[in-house]
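>>> attaching a predicted model along with its sequence, questions to come.
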Amino acid sequence: MSLDKMVALLATLALVSLALQPTPVAAQDLCMGPGHYHLGCYKAIVTPARAEAAVKQCLAVVSKPECAAKVRKSGSRMYGCATYITYSFLNEACEEAYESGEETNPGCAMRAAYGLGKPE
């Protein structure tokens with residue numbers, strides 16, 4: 001086997017092994033259970049604790065009491081997110097109301113400064 005073919009074969013095997021790696025457990029749990037889930041993505045420079053504080057600050061000013069979201073612990077290693085937090089809402093209307101407020105409410109300034117939006 002020539003050197004070029006061997007290098008090509010090794011590169012292909014490396015790509016296949018990357019594609020077959022299991023998804024992190026937290027990402028698999030994202031859509032389990034009742035509720036409408038929302039994913040907050042944060043920059044690499046933001047610690048999980050600061051990301052969680054940003055989410056809770058935004059939820060406090062935007063979300064209605066009857067829409068109380070359940071915030072899950074921070075995670076990492078999800079494609080497109082250095083740090084992420086998942087939270088769920090009782091229904092779709094609550095999630096949509098939060099999403100529109102998240103982008104426009106001044107109380108979500110910390111979320112806007114740290115956030116990346118949704119993962120790719």
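Yes, it's here.

>>> where along this protein do the strands fall?
36-42, 70-71, 75-78, 81-89, 115-117 (DSSP state E).

>>> quick one: the helices in the chain?
Remark: helices assigned in the chain by DSSP state H are 3-19, 25-28, 48-62, 92-104, 109-114.

>>> for the strands of the chain, give me a markdown table that also has distance to residue 56, mean neighbour count and mean pLDDT.
Backbone N, C-alpha and C define where each C-beta goes, glycine included. Listed next are the strands of the chain as a markdown table, based on distance: least, Cβ to Cβ, whole Å; neighbours: other Cβ atoms under 10 Å; pLDDT from 0 to 100:
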| stretch | distance to residue 56 | mean neighbour count | mean pLDDT |
| --- | --- | --- | --- |
| strand 36-42 | 11 | 21 | 77 |
| strand 70-71 | 7 | 14 | 79 |
| strand 75-78 | 16 | 16 | 66 |
| strand 81-89 | 9 | 22 | 80 |
| strand 115-117 | 14 | 17 | 68 |
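
>>> nearest to residue 63, of the ones you listed?
Nearest of the strands of the chain to residue 63, taken as Cβ to Cβ: strand 81-89 at 7.8 Å.
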